[in-house]
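1. Need a 3D model of the sequence below.
(4 chains)
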Number of protein chains: 2
Amino acid sequence: MELKRAAEGEKGFEKVFAFLRERLLAGSLKPGDRLISERELATLLGVSRPIVREALRALTVLGIVEIRDRIGTVVTRPDVSVLNDFFTFALAQQADMLDDVMQARVAIECQAIRLACERANIADFERLQRALAKIGETIDEADAGGMADFEFHRAIVVAAHSETLTVLHGSLAGLLTHSHRSRRELVQAFPSMKTYLIDDHRRIFEAVIARDPERADATLRKHFAIGDEYRRRAIVGDIDKTASG
Amino acid sequence: MELKRAAEGEKGFEKVFAFLRERLLAGSLKPGDRLISERELATLLGVSRPIVREALRALTVLGIVEIRDRIGTVVTRPDVSVLNDFFTFALAQQADMLDDVMQARVAIECQAIRLACERANIADFERLQRALAKIGETIDEADAGGMADFEFHRAIVVAAHSETLTVLHGSLAGLLTHSHRSRRELVQAFPSMKTYLIDDHRRIFEAVIARDPERADATLRKHFAIGDEYRRRAIVGDIDKTASG
DNA sequence: TTATCATACTGGTCTGACCACGATCAGACC
DNA sequence: GGTCTGATCGTGGTCAGACCAGTATGATAA
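-> Got it, this is the predicted structure:
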């Protein structure tokens, strides 16, 4: 794609950034590797050092690279915390993005649970079971409860044994972390939510145990839909009429 | 001029970045606002211009700000597409697992098609229709055929009207681009694949038109599964016994 | 009033320098 | 011979001033 014009057409910052991007994407620069010095990079690409520093700083805020004072620049393992930075900024005005990110999380998790049904091993089952138990134990605690919820869903993705899905889910879930707290406050407003949380997660767990992808997917999807419904009611101010039907 | 390094604790880049972050989070800098010039910012914070540029560039890659040549730096509306860079880099480092990335793509696309069933408008339908027609027209061409295939799937995601999904799909599809060519070569080896390609995409299209999320998801999922099956056979060297199964 | 042009300002970049500190290895010391 | 020490070199971190190429604006000319 656009990787090939790296050394030629672009100029200045773009040139350096594209150069490094190419190496990073191609795999010739792996996590742990140390880049050549800023000065060498500058002369190599025919630009000045400040420009090189712009590019390195850009990669730094993207979490791709780490500049170590008086040591050098090393490639790091992508860190999700970058997304939190972005998210903090993004949320300053545009709160509607949350729903969008949530859609992506649902996507990843539903695919993950399908794979989990195929690939999960005993250890995965046990992890899910522990997370499920934790959800029951911490149902009345806001923070711990949210944590337990998060752990359960993470366990699903881990059970899929797909690193890509794990990374994506971790990133997306991280973005949603900020809203977790407010979401858990719903539990106080909607007493019926407690049984929903416990039963729903148990049903999801059972579907995975049964290694039934379709059921697991459907159950998980329904789980998210109900969560949305609760949130919708909270906005409307409709307090717990769920039992009435 | 005196150097006031101990002034604010942070220094250099951090100082500028923190300064701007404050204004951005506090809301005193809103989208559309134009920042003061780099030179003014530099003298204001007691740093040099290159440092200011590092900070501005950092905000640029985060999608918070846009540097316009000879115009100035303006605050932009946060855009999810900045995550594209991050995900591209992050996923590239585990590129050995193409199949893994494919799973993520399936995840995104299946979720997208569900949303598309709800949100697609006439323009989306028309785009899908055009892409579908293109697939039929280019069925015998390797490159154009692959492009048409990609366009169709992209049209699905676009129809979901979710920027996050679009960005993620774009990143993942980009990573899979390298394998596209080899995949299209299968069409030559498996004549039956032509009807598969055309009919399958048409069925997917019809499901979206019918606004039937379940059917669309299932059909799309099956579409991917069949593609996998063809690839598996190609590896085994089993040439076109598809009609039998 | 309108059209043209000079000027001041913007970002984009380069050059060359200084600092403080880590790494390294030769030489001194035990 | 082995260990310690210290000078040198390389690194990132930063600065100051300069030039370029366009834009925006206002003053001047038509």
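
2. so the residue sitting nearest the centre point of chain A, which of the three states?
-> By C-alpha atoms, centre = their mean, chain A has its centre lying nearest to A:S171, at 2.0 Å. Secondary structure assignment for A:S171 (DSSP: H, G, I helix; E, B strand; the rest coil): helix.

3. Was I right to think it contacts B:F87?
-> Yes: with contact defined as C-beta atoms under 8 Å, A:S171 counts as touching B:F87 (7.4 Å). C-beta: built from backbone N, CA, C; applies to glycine.

4. Excluding chain neighbours, what is closest to A:L24?
-> In this structure, A:L24 finds its nearest non-sequential neighbour in B:F89, 5.8 Å apart by C-beta to C-beta, 6 or more residues apart in numbering or on different chains.

5. pLDDT score for that neighbour?
-> Note on B:F89: pLDDT of 80.

6. give me the element it is part of.
-> Assigned by DSSP states H and E, B:F89 belongs to helix B:82-92.

7. Pull the number of nearby residues for A:A26.
-> Residues lying near A:A26 (other C-beta atoms under 10 Å in any protein chain shown) number 11.

8. A:G32: neighbour count?
-> A:G32, neighbours per other C-beta under 10 Å, totals 9.

9. again, but for A:F13
-> Neighbours around A:F13, by other C-beta under 10 Å: 20.

10. my guess is it meets A:E54, correct?
-> Yes: if you go by C-beta under 8 Å, A:F13 and A:E54 touch, sitting 5.1 Å apart.

11. Pull up the overlap in contacts between the two.
-> B:R57 (C-beta atoms under 8 Å, 6 or more residues apart in numbering or on different chains).

12. dump the residue contacts of the residue nearest to A:D149 when sequence neighbours are not counted.
-> Counting by C-beta to C-beta, 6+ apart, A:D149 lies nearest to A:I135, which is 6.2 Å off, once chain neighbours are set aside. Taking C-beta under 8 Å, 6+ apart as the criterion, A:I135 is in contact with A:145, A:148-149, A:152, A:197-198, A:201.

13. Most neighbours out of those residues, which is it?
-> A:L197 (25 neighbours).

14. returning to what we had before: what's the helix holding B:F89 packed up against?
-> For helix B:82-92, the packing partners by 3 or more C-beta pairs under 8 Å, 6 or more residues apart in numbering or on different chains; DSSP states H and E come out as helix A:13-26, helix A:81-90, helix A:163-189, helix B:163-189.

15. what about the first one and DNA strand C, touching?
-> Pointing back at helix A:13-26 there. Yes: applying C-beta under 7 Å from any atom of the strand, one finds helix A:13-26 in contact with DNA strand C at A:13-14.

16. Now do that helix: which elements does it pack against?
-> Contacts defined by 3+ C-beta pairs under 8 Å, 6+ apart place helix A:13-26 against helix A:38-45, helix A:49-61, helix B:82-92.

17. One more pass at 6 Å, please.
-> helix A:38-45, helix A:49-61 (3 or more C-beta pairs under 6 Å, 6 or more residues apart in numbering or on different chains; DSSP states H and E).

18. possible to save these as JSON lines with distance to DNA strand C, mean pLDDT and mean neighbour count?
-> Output for the helices and strands packed on helix A:13-26, formatted as JSON lines (distance: least, C-beta to the nearest atom of the strand, whole Å; pLDDT from 0 to 100; neighbours: other C-beta atoms under 10 Å in any protein chain shown):
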{"stretch": "helix A:38-45", "distance to DNA strand C": "8", "mean pLDDT": "91", "mean neighbour count": "16"}
{"stretch": "helix A:49-61", "distance to DNA strand C": "4", "mean pLDDT": "93", "mean neighbour count": "23"}
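
19. Understood, closing this out.
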